[in-house]
Structure formats: C-alpha cells, structure tokens
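Asks: Sequence and predicted model, in that order:
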Amino acid sequence: MHRVTPRLRVLAALPFVLVLAAYLLVFALWYDRLPDPLATHFGTEGGGRADGFTGRTAYAFVSAALLLGTAVGWNLFVRRTALWGAWATAGFTGTPLVLILRDNLDAADAAGVVSPLANLAVGAGAAAVLALAGLALARTVPEEERAPGPGATDGPRLPLGPSEVAGWSRVAGSRVLAVLAALALAAVPVTLLLAPWPDAWPALLGLVVGVPGLALARVRVTVDRRGLTVRPALVPRPRVRVPLDEVTGATVRDVDPLAEFGGWGYRVRARRTGIVLRSGEALVVRRDSGREFAVTVSDAHTAAALLNTLVERRGRL
C-alpha cells in the first residue's frame, strides 16, 4: 500500500487552486462587461455559434465546483509518477472556462457569441505546459514508500468441530467511491440545466458512473456454507457469489488497486476479478478454474480461515 505524503497532496491540489484563483480574478475584472446570461455551449455548425446559455452567477459557481471537484479526485488518487496528470488536467479544464468568458466579452447579445474551435488547441497547449511543470515538481517529492501491512497468509484454518456451523460477515466501504458517485449523480441535473437535450447526453455518463458507484460504495461480504457472497449493503441485488464447490482455497493479501487491478470498483483482469474499494488487506479466493477473486475487507484472515475449513469439510463428505 502506497503512502501519499502531505507534500504530494499539496502539489496535486496546487494547480487547481491557481487556475481557480486566476479564473475568479478574470471573472471579477470582466463582470460588468459580460452579458447575462452567458453563452456557454457552442454547436459545431455555424463556426461554433452559441446554442446554450447560463446566468453569470450560475456559471461562476458551476465552474468553481468543476475545478474543486476535479482537484478532490486527483488529491485522493494521486501518485508521484502521475503528478503531471493533475497539472495537465487543471490546465485543460480551466483554460476553456476563461476562454468562454473572453468570447462573451462586450457581447450585446449572447446569442451572437462564437467560440472558435482553436480554443481546444489553446487548452491543449496550456495542459502541455502545466504537465511539464508537474513533471518538474514531481522530482521534489521523495519516492513513495510502501506502508507496512499484514503479509499474505498461506491457507489459514478456523478450528471447527464436525457438527459445528459457522458464518462470517463484514461490511466494507469506500468513502472515496461514495463521494465520486455522488458528484457524478449531482452533475446530471446540472448538465441538463446547462444544455438542452440531446446536447445534454453527457448527463447519461453521470448515471452510468454514479449508480454503480453508489452500489459498490458500501458492500456486505459473507462467508458461509454456500461460499463467498458480495452484495450491496442496503439491497440484496446485484451480487457476486463464488460457490463453495468452486473454491480450492483462500488467502489474505495486501492489494494495490492500480498495479493489480487497474483501478477501483468491480474489476476484471485476465486471471483475476475483484471488488476493490481500497488498498490493503483483501480476501483472495482461488477458484477451480485457476482464476482468483479478491475483495478488500477488514478481518479477511478470519474469512479465509473459515472458507478453507469449509472447503476441507466438503472434501471429506
């Protein structure tokens, strides 16, 4: 499990703070020269002529929320080797927000505002410059250390008598996933307000990300005579079940979501699947197909021990 230093978190948040400060300064200086509402959405026809509008105050709040929300996301997941990405994101997000203000400057009617496609190139250029700054600053951050944690155990057992019955259940959650899912869902009505349908189709992405994210933000993990079951904590479906007769063994292992699974949530890889909500201790189940299923949960040692005992008992029947 990687330990993220306070310095790295500060450097990841810094570009968004700088961009937000610059945006608010420009907005304040140009406020009296901006129409109300502002032209904030531009079609591909007519050379980028405005076809969506937002009030000045609403645009300021939405822009600030976008920058702050992106900053929080990067701050939670940043790694030293990816610091440049935070700076590039800040540049590519903030530059178009300022350019939209420039395009609206001194416009008598927002309906006549045009935003040239070249604005995207300017945003990409700003992102590239800030990415280089992020790369340079990353060199000032010490190499990330791996936090100490319990090592993997090889096949623990839970002593059970021949007639004893046992079960194990724990709730595992991710505040990060819950916050990101909530932000994705909150973006749905905001998107619908800023742009008419069908131009507001990105709102669907908020539903696609937010609904599964909330379902996975808090899950119940259960081990019993049926095997391993993982489901949302508040509802019985959807669920993932590894039947006991498909289990060959279970262990406990520290997992790195990015290195092993490519991220958080429900993950599928060539030889493993998993529900990964955080770094650290995970219950890892080996299936008779040779694949592994992992779920990050506290007290995974007890779960693995019980599962191994139930597998051995099944083999003696």
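Replies: Thanks, I have the structure now.
Asks: Output the below-cut-off pLDDT ranges for the stretch 51-200 of the chain.
Replies: 143-164, 177, 187-200 (pLDDT under 70).
Asks: mind redoing it with 50?
Replies: Applying pLDDT under 50 to the stretch 51-200 of the chain flags the ranges 145-154.
Asks: All the helices of it, residue numbers only.
Replies: Applying DSSP state H, counting those that start in this stretch to the stretch 51-200 of the chain gives helices spanning 56-77, 83-104, 118-138, 175-194.
Asks: Of those helices, flag the one that's most buried.
Replies: helix 83-104 (a mean of 22; mean count of other C-beta atoms under 10 Å). For the C-beta atoms, the positions are set from N, CA and C on the backbone; glycine is no exception.
Asks: and the angle from that helix to helix 118-138?
Replies: Using axes from the mean of the first three to the mean of the last three C-alpha atoms, to 10 degrees, the inter-axis angle of helix 83-104 relative to helix 118-138 is 150 degrees.
Asks: Can you name every helix or strand that helix 83-104 contacts?
Replies: Counting contacts by 3 or more C-beta pairs under 8 Å, 6 or more residues apart in numbering; DSSP states H and E, helix 83-104 is packed against helix 6-30, strand 38-42, helix 56-77, helix 118-138.
Asks: how about a markdown table for these, with distance to V219 added?
Replies: Output for those, formatted as a markdown table (distance: least, C-beta to C-beta, whole Å):
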| stretch | distance to V219 |
| --- | --- |
| helix 6-30 | 27 |
| strand 38-42 | 38 |
| helix 56-77 | 19 |
| helix 118-138 | 34 |
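Asks: As JSON lines, the helices of the stretch 51-200 of the chain with distance to A233 would be great.
Replies: Converted to JSON lines, the helices of the stretch 51-200 of the chain look like this (distance: least, C-beta to C-beta, whole Å):
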{"stretch": "helix 56-77", "distance to A233": "21"}
{"stretch": "helix 83-104", "distance to A233": "32"}
{"stretch": "helix 118-138", "distance to A233": "38"}
{"stretch": "helix 175-194", "distance to A233": "11"}
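Asks: quick check: domain ranges of the protein?
Replies: Each domain of the chain is listed here as a residue range: 6-138, 149-172+217-317, 175-216, per automatic domain parsing.
Asks: Minimum distance to F92: which of the helices and strands packed on helix 83-104 has it?
Replies: Of all the helices and strands packed on helix 83-104, helix 118-138 sits nearest to F92, with 3.8 Å by C-beta to C-beta.
Asks: on contacts alone, who are the packing partners of that closest one?
Replies: Using 3+ C-beta pairs under 8 Å, 6+ apart: helix 118-138 touches helix 6-30, helix 83-104.
Asks: Residues in contact with stretch 60-73: which ones?
Replies: 12-13, 16-17, 19-20, 23-24, 27, 54, 89-90, 93-94, 97, 179-180, 183, 190, 194 (C-beta atoms under 8 Å, 6 or more residues apart in numbering).
Asks: How many neighbouring residues does P15 have?
Replies: When neighbours are counted by other C-beta atoms under 10 Å, P15 registers 27.
Asks: That one and T95 touch, don't they?
Replies: No - the pair P15 and T95 fails to qualify as a contact (C-beta atoms under 8 Å) at a distance of 11.6 Å.
Asks: what do those two both touch?
Replies: The contact lists of P15 and T95 share no entry, where a contact means C-beta under 8 Å, 6+ apart.
Asks: coming back round to it: identify whichever of the helices and strands packed on helix 83-104 lies nearest to R313.
Replies: That would be helix 56-77 among these, by C-beta to C-beta, at 41.6 Å.
Asks: what is the orientation angle of the closest one with helix 83-104?
Replies: Orientation check (the same axes, to 10 degrees): helix 56-77 against helix 83-104 gives 170 degrees.
Asks: Between strand 38-42 and helix 56-77, find me the angle.
Replies: Going by the same axes, to 10 degrees, helix 56-77 makes 60 degrees with strand 38-42.
Asks: okay if I get the helices and strands packed on helix 118-138 as JSON lines plus distance to V311?
Replies: Formatted as JSON lines, the helices and strands packed on helix 118-138 follow (distance: least, C-beta to C-beta, whole Å):
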{"stretch": "helix 6-30", "distance to V311": "42"}
{"stretch": "helix 83-104", "distance to V311": "43"}
